[in-house]
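**Student:** only geometry, no sequence info:
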């Protein structure tokens, strides 16, 4: 599932976010000022400022974060609210033949349903390592989780994961999805996950997944912050204060760490701002907790 996420070529048969579709199936959307498009190849996201005609071509100018602009030819290879579209010259499209604009989507890219009251919370839970993980999941997947009645709870680290799962007493109607940082072969986290999955009742009722990054901060794409890559922190240095120092942000103490995280979180608007390594894992957990049978 996670291999389907992220910027990719949309001119091939694999143009759907979750399923293949041909170019003929991609709706045509007139290029109109104010629409926000994502270039699927580069990941550039920007608001359409204007359409220009130059050298026999029709192009559009998109304004991204920080007021930076880029010019793209109209056509295939773009997303509108998470959906592949073909951008066409509005001057050549009659209102009666123009395809409808893509339906409104949540920050996770899911189709937004009609407003409804949040579902009563399930007994099943998503556990994440800490507060920052919970806030990021809520910001991107919050609408989906409320619709499904799933609560996200921070653990404060996973050193006591085995005891926590034992106390939770998982079962068919009480499932548990655990999202772990730095879940790579040979790590402390991977050993804890293996021990947790051996517990009675864990089979088929508990899933432990994770991303390879040291901390959830790194699942935010560097380009979103206007940098080429995250700073590399020397072994023995506090990781978060080291990251803030590397970014040139205040890093004197915990208050600066908290403000730095809020600044990072504020840079995230939709799933396109996050690395595919996290996107697929969160969707996997949601599916595990909501698919019955």
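**Tutor:** Done, it's in. None of the values given here were measured: they were computed from a predicted structure.
**Student:** report the secondary structure state of residue 62.
**Tutor:** When states are read from DSSP: H, G, I helix; E, B strand; the rest coil, the local structure at residue 62 comes out as strand.
**Student:** what about the longest strand in the chain?
**Tutor:** Among the segments of the chain that qualify as a strand by DSSP state E, the longest is strand 45-54.
**Student:** for this structure, which segments count as helices?
**Tutor:** Taking DSSP state H as the criterion, the chain carries its helices at 131-148, 161-168, 188-197, 239-247, 254-266, 276-290.
**Student:** one step back: ok, and what's touching the longest strand of the chain?
**Tutor:** Contacts with strand 45-54, where a contact means Cβ atoms under 8 Å, 6 or more residues apart in numbering, come from 31-39, 58-65, 69-71, 74, 89-90, 272. (C-beta placed from N, C-alpha, C; glycine too.)
**Student:** and that strand, how far out from the chain middle?
**Tutor:** With Cα atoms, centre = their mean, to the nearest Å as the basis, strand 45-54 stands 26 Å off its chain's centre.
**Student:** what pairs with it, parallel or antiparallel?
**Tutor:** Here strand 45-54 has these sheet partners by DSSP bridges: strand 36-39 (antiparallel), strand 57-63 (antiparallel).
**Student:** hmm, back to that, okay if I get the helices of the chain as TSV plus distance to residue 121 and mean neighbour count?
**Tutor:** As requested, the helices of the chain are exported to TSV (distance: least, Cβ to Cβ, whole Å; neighbours: other Cβ atoms under 10 Å):
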stretch	distance to residue 121	mean neighbour count
helix 131-148	9	19
helix 161-168	15	16
helix 188-197	23	15
helix 239-247	31	18
helix 254-266	24	14
helix 276-290	12	20
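**Student:** tabulate those helices (TSV), appending mean pLDDT and distance to residue 231.
**Tutor:** Rendered in TSV, the data for the helices of the chain read as follows (pLDDT from 0 to 100; distance: least, Cβ to Cβ, whole Å):
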stretch	mean pLDDT	distance to residue 231
helix 131-148	91	17
helix 161-168	95	29
helix 188-197	94	22
helix 239-247	96	3
helix 254-266	94	12
helix 276-290	90	19
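**Student:** could you dump the ones you listed to a markdown table with distance to residue 85?
**Tutor:** Formatted as a markdown table, the entries for those read as follows, by distance: least, Cβ to Cβ, whole Å:
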| stretch | distance to residue 85 |
| --- | --- |
| helix 131-148 | 21 |
| helix 161-168 | 43 |
| helix 188-197 | 39 |
| helix 239-247 | 34 |
| helix 254-266 | 27 |
| helix 276-290 | 20 |
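**Student:** rewinding a little: nearest to residue 239, out of the strands paired with strand 45-54?
**Tutor:** strand 36-39 (30.3 Å; Cβ to Cβ).
**Student:** just the strands paired with strand 45-54: most buried one?
**Tutor:** Across these, the average number of neighbours (mean count of other Cβ atoms under 10 Å) peaks for strand 36-39, which reaches a mean of 20.
**Student:** quick one: distance of that strand to the chain centre.
**Tutor:** Using Cα atoms, centre = their mean, we find the averaged C-alpha position of strand 36-39 to lie 15 Å away from the chain's own average C-alpha position.
**Student:** and if you look at stretch 161-173?
**Tutor:** Relative to the centre of its chain, stretch 161-173 is centred 27 Å away, using Cα atoms, centre = their mean.
**Student:** what's the answer for stretch 128-139, then?
**Tutor:** Here stretch 128-139 shows a centroid-to-chain-centroid distance of 12 Å under the convention Cα atoms, centre = their mean.
**Student:** now do stretch 145-162
**Tutor:** In terms of Cα atoms, centre = their mean, the gap separating the centre of stretch 145-162 from the centre of its chain is 17 Å.
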